[in-house]
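Engineer: Pasting a predicted model and its sequence here:
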Amino acid sequence: MTGPDLPPLDAAAIEPVPQRVSTGNMPAGDRIKTIVEYAHESYSEHEGGQVADYIPQLANADPSLFGITVADASGGLYSAGDADVAFSIQSISKAFVYALVGEALGHNVVREHIGVNNTGLSFNSVMAIELNDGHPMNPMVNAGAIATTSFMPGDTSVEQWENIRTGMSRFAGRSIELDGAVYRSEIANNQRNKALARLLESYHQITGDPMDAVDVYTRQCSLLVTTRDLAVMGATLSAGGINPVTGARVVSPDVCRDTLAVLASTGLYERSGDWLFEVGLPAKSGVSGGIVAIAPGKGAIGTFSPLLDSAGNSIRGQQATAHLSRALGLNVFASNVDSARSNGDDQ
């Protein structure tokens, strides 16, 4: 799913919805609901892309599934389609584990040991480590994520795993559990991640047993979520670390800022620049077909569709999120001095 000639997100595939500008709150709830339903209807017929097959269990996904949820910063939830279908979170977990480790260890530690820069190479690249003197560089690629997981507090890998599971459950506002079938499928086919962990160990960039780190990382990727969960998790980052549904603080505002900054530059692999240019939101994708996109101070979008582009990003999810970013006034780069007088009535 890599290559130097990857086409960007096809802007022509996004309906020419006007870019609404909003520097304050999202539109009213009934308006959000209408726009979410319209976006789902508009992009549900897209049939391009492929289901991930390098993890055998993921190859069994139904390609017709497509769900969307928008969560606003006050806890409102607006869904369409297969919003309650559970799927494994995969690489989206990287964002929330990074936040949990940042909360535990602080800004400087995670920046020094993990890094914040896009590697410009594939998510499972060995070369990226070697070219940077063993430094993982980026917490949103596999090497950096495995290193991040190894820093999770806990005296044993069992304790680290439970701290991750419970921490991510606080983000979701409910207890989320492991998909055992996905975990077993991944652990039987993750030789490259094991190699990455051994390479990091040789450069002293991983703590503890590298195989334990890979096991915990594989477990975190196998947690089951829905688009509702993703939207609430993203909205927690949007709301300065307070879950808008439960009202509980999960992480600090500083950690949210750090996490969103990393997602803005690295969240969609090699397509991150194209994504930021077209959509304008910090986001993270996963190869099971999920995407979470966050509008700071406003809310978040969770989407799910298993049909992926060659970089491993959901095609319908990208299209729907791009539409919603425009129609709901979420693009962090959009500005207009007259925005307070804009009604944003166009879909």
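Structural biologist: It's in. From a predicted model like this one, the values you see are computed outputs, not experimental measurements. Residues are numbered from 1 along each chain as shown.

Engineer: Let's see the pLDDT reported for M127.
Structural biologist: Looking at M127, its pLDDT is 51.

Engineer: er, S22 I mean
Structural biologist: 55.

Engineer: residues contacting the residue lying closest to E201 once chain neighbours are set aside?
Structural biologist: Counting by CB to CB, 6 or more residues apart in numbering, P210 is the residue found nearest to E201 once chain neighbours are left out, at 4.5 Å. Every residue, glycine included, has its C-beta placed from N, CA and C. Applying CB atoms under 8 Å, 6 or more residues apart in numbering, we find P210 in contact with I146, S150, K194, A197, R198, L200, E201.

Engineer: Sort out which of those residues are in helices and list them.
Structural biologist: Secondary structure from DSSP state H places I146, S150, K194, A197, R198, L200, E201 of those in helices.

Engineer: Compare the residues you listed and tell me which is most surrounded.
Structural biologist: A197 (27 neighbours; other CB atoms under 10 Å).

Engineer: my guess is it meets D212, correct?
Structural biologist: No. At 9.2 Å, A197 does not count as touching D212 under the criterion of CB atoms under 8 Å.

Engineer: What are the buried residues along stretch 69-88?
Structural biologist: 69-73, 75-83, 86-88 (16 or more other CB atoms under 10 Å).

Engineer: do the same with stretch 261-272
Structural biologist: V262, L263, A264, S265, T266, G267, L268, Y269, E270, R271, S272.

Engineer: what ranges of the chain fall below the confidence cut-off?
Structural biologist: 1-12, 19-23, 111, 113, 115-137, 337-347 (pLDDT under 70).

Engineer: now the helices for it?
Structural biologist: 29-43, 93-105, 107-113, 127-131, 142-150, 157-172, 180-187, 191-202, 210-221, 227-238, 253-266, 272-278, 315-327.

Engineer: mind checking which of the ones you listed is nearest G49?
Structural biologist: G49 lies closest to helix 315-327 among these, at 4.4 Å (CB to CB).

Engineer: Convert the C-alpha atoms of that closest one to PDB, please.
Structural biologist: Taking Å, rounded to 0.1, in the frame of the first residue of the first chain, the C-alpha atoms of helix 315-327 are listed here in PDB:
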ATOM      1  CA  ILE A 315     -12.100   6.100   0.500                       C
ATOM      2  CA  ARG A 316     -15.700   6.700   1.500                       C
ATOM      3  CA  GLY A 317     -14.400   7.900   4.900                       C
ATOM      4  CA  GLN A 318     -12.200  10.500   3.300                       C
ATOM      5  CA  GLN A 319     -14.900  11.700   1.000                       C
ATOM      6  CA  ALA A 320     -17.500  12.000   3.700                       C
ATOM      7  CA  THR A 321     -15.200  13.700   6.100                       C
ATOM      8  CA  ALA A 322     -14.100  16.200   3.400                       C
ATOM      9  CA  HIS A 323     -17.800  17.000   2.800                       C
ATOM     10  CA  LEU A 324     -18.600  17.400   6.500                       C
ATOM     11  CA  SER A 325     -15.500  19.600   7.000                       C
ATOM     12  CA  ARG A 326     -16.700  22.000   4.400                       C
ATOM     13  CA  ALA A 327     -20.400  21.900   5.200                       C
END
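
Engineer: Would you mind pulling up the elements that it packs against?
Structural biologist: Contacts defined by 3 or more CB pairs under 8 Å, 6 or more residues apart in numbering; DSSP states H and E place helix 315-327 against helix 29-43, strand 67-72, strand 290-295, strand 299-304.

Engineer: Redo the helices of the chain as TSV? Include distance to I14.
Structural biologist: As requested, the helices of the chain are exported to TSV (distance: least, CB to CB, whole Å):
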stretch	distance to I14
helix 29-43	9
helix 93-105	24
helix 107-113	34
helix 127-131	31
helix 142-150	30
helix 157-172	29
helix 180-187	31
helix 191-202	34
helix 210-221	29
helix 227-238	19
helix 253-266	20
helix 272-278	8
helix 315-327	5
